[in-house]
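> Need coordinates for the below:
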Amino acid sequence: MENTIKTIIRKYCSRNSFHIEYGGYLFNHFSHGVIALHKLGSPINRLESFCESYTNHTTLGAKLELPRYNDRFKISNDEEFFNIKGKKINYLGTIDYLSDQLKNKFNNDKTKLLQHYVPKLYDGLSATVLHPFISLGYSIDYELGDNTSDSELIIDALAYLNFSNYSIGFPNYSKDVIKGNNNTISSEDLNFKSNNNNNNITNEKFHKIGLDLKSIFLEVRKNGRLTELLNKNYNPNLFDHKIVGEIDQKIMVLVQFAADEIEKTVSTLIQNKQFLFNSIQNNWKELYTFLYDTYFSIYSLSGEKSKGDDFFILHLVTSFWALGRISTILTQEQKLDLLITYIKVTVVLYVIQKCPDFDNNQDNYAFNLSSNSSNDDKIIPSWDEMKNYLFYGEGKKIEEEHDIKIVYSAIDRFRNDKKFSDVCEEKDGIIKSDDQIKKDKFLRLVAARKLLMLKW
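Down below sits the predicted model:
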């Protein structure tokens, strides 16, 4: 029988194909690479070659593991479900329980299933370097985006978010910004109105949030307090390295010994939570896109000509892309809590990565692209050229799913950008204003570097 995307996912990406982790604590990225290639428009034979390669040899060198059928016991209720949260046991039994819940409690409505469980789990999104969270974003993108109701990836990802989960603390940032029965904040309270006549004000305030986010990372590097607390309290001899990776070990240490300092570090954003909440209610798409661009620029600044990009900072881009997908099933209040929690997690992970100094790596060419420069398009490949490179050219040999995911998230950022000006240009099937064209060039530049079509 001829393969289709559905048969490929059933064959390679389901819970009956391989265990969700391998090598003790490494994450099985199979579904990420398959979905990203599929969403980019990959032909089936390219998907098949990716699957054959990843089955035999992951990008980290180890082989995938078979499902752990011997670690499977019955879960009868939510209390038992949450009692094993983060214990890395009974992955298949957790899937059985969620499958039963989907059918019998939520009438096969996956959105309702997600709305019930995700808000009780995203406090632990930092576990396994954000991969359960990223996996949930890809599953939502594939299943809810394509309406492929026969797929089981959402349940698998939700089970993994419970399986590998270490809480950074449940947030309650939204509780004191909710006013009145209609859950709105008056513009007078904020001295801010969100309407078509005040888009400049909106952009300026978003810009301030972006600067705050960057300044948080730079301040963490400068003052060194979180690094000092980590170095003082981390003892690798206290952990079982066969089941807990070094990054997760350090997350546990920072959450235990530096919770107050983490909260203090992101205080500027917490102080702006009323503006954030108002933006989530009225301008969520613009705020999300702006913050995605901020994380993408941080990632671009991590690149060095001698070493290439920072592999870890790359995960801030792919995980924030996932946040956008997951946010589609959340309430406004939950989006606020998730957003601030996510920023706290990225600060923790930045410290664990030894605070790379992206501020000194600014590439003037990347940040001064002119919207009317003909030379830019001669130098920077188009999205279609990158896709053809991945599907048919030298990039066909690329089996590193992170490279593919960066390209997909960057293309997706523009596919879903509905904020157009009156004067637009259409290119690669996407309508863009002058400002968007400039940003598009920057995203294409960084994505092409990741594919090694251009040098860092």
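> Please make it C-alpha for all contacts and neighbour counts, starting now.
Noted.
> list the buried ones in stretch 285-303?
Across stretch 285-303, burial judged by 16 or more other C-alpha atoms under 10 Å covers 285-303.
> And for stretch 410-417?
410-411, 413-414.
> Next: stretch 448-456.
Applying 16+ other C-alpha under 10 Å to stretch 448-456 flags 448-451, 453, 456 as buried.
> Stretch 384-401 too?
Within stretch 384-401, judged by 16+ other C-alpha under 10 Å, the buried ones are 386-391, 395, 398-401.
> hang on, the earlier thing: what about the buried residues of stretch 410-417, which are in helices?
410-411, 413-414 (DSSP state H).
> For the residues you listed, please prepare TSV with the additional fields distance to Y12.
Below are these laid out as TSV (distance: C-alpha to C-alpha, whole Å):
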residue	distance to Y12
A410	26
I411	25
R413	27
F414	30
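> mind giving me a markdown table with the buried residues of stretch 448-456 and columns for pLDDT, secondary structure and distance to K11?
Formatted as a markdown table, these follow (pLDDT from 0 to 100; DSSP: H, G, I helix; E, B strand; the rest coil; distance: C-alpha to C-alpha, whole Å):
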| residue | pLDDT | secondary structure | distance to K11 |
| --- | --- | --- | --- |
| A448 | 90 | helix | 31 |
| R449 | 88 | helix | 32 |
| K450 | 89 | helix | 29 |
| L451 | 89 | coil | 28 |
| M453 | 88 | coil | 32 |
| W456 | 72 | coil | 37 |
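> can you give me the strands in the stretch 351-456 of the chain?
Assigned by DSSP state E, counting those that start in this stretch, the strands in the stretch 351-456 of the chain fall at 424-427, 430-433.
> weakest of these in terms of mean pLDDT?
Least confidently modelled of those is strand 424-427, at a mean of 46 by mean pLDDT.
> can you give me the strands for the chain?
21-22, 26-27, 424-427, 430-433 (DSSP state E).
> Each with direction, which strands does the second one pair with?
Okay, so that is strand 26-27. strand 21-22 (antiparallel) (DSSP bridges).
> Mind checking the pLDDT average for the strand it pairs with?
Here the average pLDDT along strand 21-22 is 80.
> Name the residues that touch it?
27-28, 62-65 (C-alpha atoms under 8 Å, 6 or more residues apart in numbering).
> Give me the buried subset of those residues.
27-28, 64-65.
> Spatially, what comes nearest to the residue nearest to the spatial centre of the chain if we skip its sequence neighbours?
For the chain, S319 is the residue whose C-alpha lies nearest the centre (C-alpha atoms, centre = their mean; 1.2 Å). Counting by C-alpha to C-alpha, 6 or more residues apart in numbering, the nearest residue to S319 once its immediate chain neighbours are dropped is I134, at 5.1 Å.
> Run through the residues that contact the one you found.
I134 neighbours (C-alpha under 8 Å, 6+ apart): 318-319, 322-323.
> before we move on, what about M386?
A448.
> Now with 7 Å, please.
With C-alpha atoms under 7 Å, 6 or more residues apart in numbering as the criterion, no residue contacts M386.
> try V34
So V34 contacts L47 (C-alpha under 7 Å, 6+ apart).
> Look up the pLDDT of it for me, please.
pLDDT, read off for V34, is 92.
> any idea how far E143 is from it?
13 Å (C-alpha to C-alpha, to the nearest Å).
> and if you look at M453?
32 Å.
> One more: D440?
With C-alpha to C-alpha as the criterion, D440 and E143 are 27 Å apart.
> Compare these two and say which one has the larger neighbour count.
D440 (20 against 17; other C-alpha atoms under 10 Å).
> show me the contacts for the residue nearest to L161 when sequence neighbours are not counted.
Leaving out its chain neighbours, the residue that sits closest to L161 by C-alpha to C-alpha, 6+ apart is P132, at 5.0 Å. Neighbour list for P132: 125, 157, 160-161 [criterion: C-alpha under 7 Å, 6+ apart].
> And those, which is closest to F358?
Comparing the contacts of P132 against F358 with C-alpha to C-alpha places L125 closest, at 24.2 Å.
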